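>>> let me see the structure of the following:
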Amino acid sequence: MHELSICQNVLAQVEQMAKCHQSSCAKRIVLRVGPLSGVVEELLRRAFDLLRPDSVVENAVLDIQTCPVVVLCPSCDKESQVPVNKLICPHCLQWQTTLVSGDELLLLQIEFLPNNLPENVNYLEKAHV
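Alright, predicted model coming up:
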């Protein structure tokens with residue numbers, strides 16, 4: 001399960017950003033995961049739940065956004081959303097396409113609660129990574 005090591009790396013980045021923003025509490029983490037990234041969303045969520053206790057993300061929400069597989073065709077110069085197992089151009093049937101999106105694994109956003117606010121205040125500082 002490589003999702004565990006991926007999650008460990010994401011949490012290390014979140015902890016580093018928390019230090020930069022002088023916060024000890026991340027409230028929300030947004031990831032973009034493509035279907036060709038090799039990451040199984042359910043396993044990533046399980047790894048997150050396993051690693052969250054006694055950390056900066058202990059009470060954080062993990063928001064995983066999926067993105068479509070998109071290819072660019074060099075013959076007709078069109079971008080198209082395609083199925084995961086069929087990366088050919090649906091317009092001209094060219095098989096030598098270029099992958100535009102679908103293999104991402106990106107840490108998009110982290111929301112922090114500043115240390116000097118009471119826990120019942122809903123103010124969140126957004127940090128884009």
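
>>> would you map out the domains in this structure?
For the chain, automatic domain parsing gives the domain ranges 3-67+102-128, 69-101.

>>> could you tell me the least trusted of the ones you listed?
Among these, domain 3-67+102-128 carries the lowest mean pLDDT, at a mean of 87.

>>> list the buried residues in the host helix or strand of residue 100.
Residue 100 is located in strand 98-101, with elements delineated by DSSP states H and E. For strand 98-101, a neighbour-count test (16 or more other Cβ atoms under 10 Å) marks residue 101 as buried. Yep, even glycine has a C-beta here, placed from its N, CA and C like the rest.

>>> can you name every helix or strand that that strand contacts?
strand 69-72 (3 or more Cβ pairs under 8 Å, 6 or more residues apart in numbering; DSSP states H and E).

>>> show me where the chain has its helices.
3-20, 41-51 (DSSP state H).

>>> before we move on, back to that, give the pairing partners of the strand holding residue 100; include direction for each.
Strand 98-101 pairs in its sheet with strand 69-72 (antiparallel), by DSSP bridges.

>>> any idea how far the partner strand is from the middle of the chain?
19 Å (Cα atoms, centre = their mean, to the nearest Å).
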